[in-house]
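Trainee: my questions concern the predicted model and sequence given below.
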Amino acid sequence: MSDAERKIRVIVAKPGLDGHDRGAKVVARALRDAGMEVIYTGIRQTPAMIAEAALQEDADVVGISILSGAHLELFPHILSACAERDITPANTLFFCGGIIPDEDLAKLHEIGFQGVFGPGANTNDIIEFVREHVAAPA
């Protein structure tokens with residue numbers, strides 16, 4: 001496959017001790033069915049594991065799913081681990097989903113998550129969000 005034909009590459013990860021991954025799997029499948037290459041890392045990933053997967057897979061997008069309420073604790077560590085590998089919001093799209101209170105949205109946007117999707121988010125909205133924010137890799 002030539003570079004011009006390369007699909008958008010997405011990492012979907014579940015950090016921390018949160019073992020509930022139905023939503024992450026639904027999003028991963030929807031993105032895959034929309035023609036993207038999706039790597040689901042599985043549950044209980046550390047920030048370093050997520051960052052290393054993004055590096056090894058040359059991800060265009062990093063999607064994080066969390067239901068535990070630890071997003072303000074874990075997400076900065078994920079971004080820091082990614083930054084150590086030169087993966088930043090300037091060159092990679094970061095989005096998240098799960099149980100995230102409205103009062104935390106501004107903080108998540110401030111640290112680098114461009115999209116935040118709550119329970120019941122339409123997968124078509126997530127697909128369009130990724131397509132709008134990531135040019136097809138050249």
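Mentor: Yes, it's here. Model, not experiment: these values are computed from the prediction. Residues are numbered from 1 along each chain as shown.
Trainee: show me what contacts residue 97?
Mentor: Applying C-beta atoms under 8 Å, 6 or more residues apart in numbering to residue 97 gives the contacts 23-24, 27, 63-66, 116-118, 121, 126. C-beta coordinates here come from the backbone N, C-alpha and C atoms, glycine included.
Trainee: list only buried entries from these.
Mentor: Neighbour counting over the contacts of residue 97 (16 or more other C-beta atoms under 10 Å) leaves 23-24, 27, 63-66, 116-117, 121, 126 as the buried ones.
Trainee: would you map the strands across the chain?
Mentor: All strands of the chain, identified by DSSP state E, fall at 9-13, 37-40, 61-66, 93-98, 115-117.
Trainee: output the contacting helices and strands for the shortest one.
Mentor: Okay, so that is strand 115-117. Using 3 or more C-beta pairs under 8 Å, 6 or more residues apart in numbering; DSSP states H and E as the contact criterion, the neighbours of strand 115-117 among helices and strands are strand 93-98, helix 105-111, helix 123-133.
Trainee: any idea how far residue 99 is from residue 21?
Mentor: With distances defined as C-beta to C-beta, to the nearest Å, the gap from residue 21 to residue 99 amounts to 13 Å.
Trainee: those two: which is more packed in?
Mentor: In this view residue 21 and residue 99 are compared by other C-beta atoms under 10 Å, and residue 21 has more residues nearby, 18 against 15.
Trainee: next, the contact list for the residue most central in space within the chain, please.
Mentor: Centroid-nearest residue in the chain: residue 63, 0.9 Å away (criterion: C-alpha atoms, centre = their mean). If a contact means C-beta under 8 Å, 6+ apart, then residue 63 has 10-13, 24, 27-28, 31, 94-97 as its contacts.
Trainee: farthest pair within those residues?
Mentor: By the measure C-beta to C-beta, 28 and 94 form the most distant pair in these, at 15.7 Å.
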